[in-house]
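1. no letters, just coordinates:
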């Protein structure tokens with residue numbers, strides 16, 4: 001999966017974006033469910049329409065993360081902690097998304 005890192009002023013990855021050409025909202029939430037230790041708190045029902053930009057919320061290690069589609073119509077999903085700041089768990093989330101296959105259907109084994 002194509003990843004676009006977002007860095008803070010210190011150069012640390014605090015969030016990232018993924019292309020949503022083949023990855024729908026449901027697929028992005030499915031990947032979040034596969035993160036070891038993550039618990040999905042809120043997600044959009046499959047095939048349901050919503051005008052919310054943030055469509056998935058999950059917790060990992062006591063930190064709340066969101067997946068959102070900025071402006072409701074974008075070619076990338078933004079994934080990061082809420083509130084937006086650097087947190088070490090972002091690397092774990094980013095790694096799972098980076099290993100996800102097309103459409104979020106599988107996650108390749110770690111190298």
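-> Perfect, I can see it now. Because the structure is a prediction, the values reported are computed rather than measured. Numbering: from 1, shown residues only.
2. any low-confidence regions in this structure?
-> Within the chain, the stretches with pLDDT under 70 are 44-52, 72, 102-111.
3. now the helices for it?
-> 25-33, 90-99 (DSSP state H).
4. got the buried residues for the last one?
-> Across helix 90-99, burial judged by 16 or more other Cβ atoms under 10 Å covers 90, 93, 94, 96, 97, 99. For the C-beta atoms, the positions are set from N, CA and C on the backbone; glycine is no exception.
5. can I get those residues in JSON lines including distance to residue 61?
-> Converted to JSON lines, the buried residues of helix 90-99 look like this (distance: Cβ to Cβ, whole Å):
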{"residue": "90", "distance to residue 61": "11"}
{"residue": "93", "distance to residue 61": "10"}
{"residue": "94", "distance to residue 61": "14"}
{"residue": "96", "distance to residue 61": "14"}
{"residue": "97", "distance to residue 61": "17"}
{"residue": "99", "distance to residue 61": "19"}
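6. closest one to residue 24 out of the residues you listed, please.
-> Nearest to residue 24 out of the buried residues of helix 90-99 is residue 97 (Cβ to Cβ; 14.0 Å).
7. for residue 9, see how far away that closest one is.
-> Noted for residue 97: a distance of 24 Å to residue 9, by Cβ to Cβ, to the nearest Å.
8. what of residue 42?
-> Residue 42 is 30 Å from residue 9, where distance means Cβ to Cβ.
9. and if you look at residue 86?
-> 10 Å.
10. do the same with residue 94
-> Residue 94 sits 19 Å away from residue 9, going by Cβ to Cβ.
11. show me what residue 16 is bridged to.
-> Beta-bridge pairing for residue 16 (DSSP bridges): residue 5, residue 79.
12. quick one: end-to-end length of stretch 32-42, please.
-> Using Cα to Cα, to the nearest Å, one end of stretch 32-42 lies 11 Å from the other.
13. picking up where we left off before, between residue 42 and residue 9, which one's more packed in?
-> Taking neighbours as other Cβ atoms under 10 Å, residue 42 and residue 9 compare with residue 42 leading, 12 against 7.
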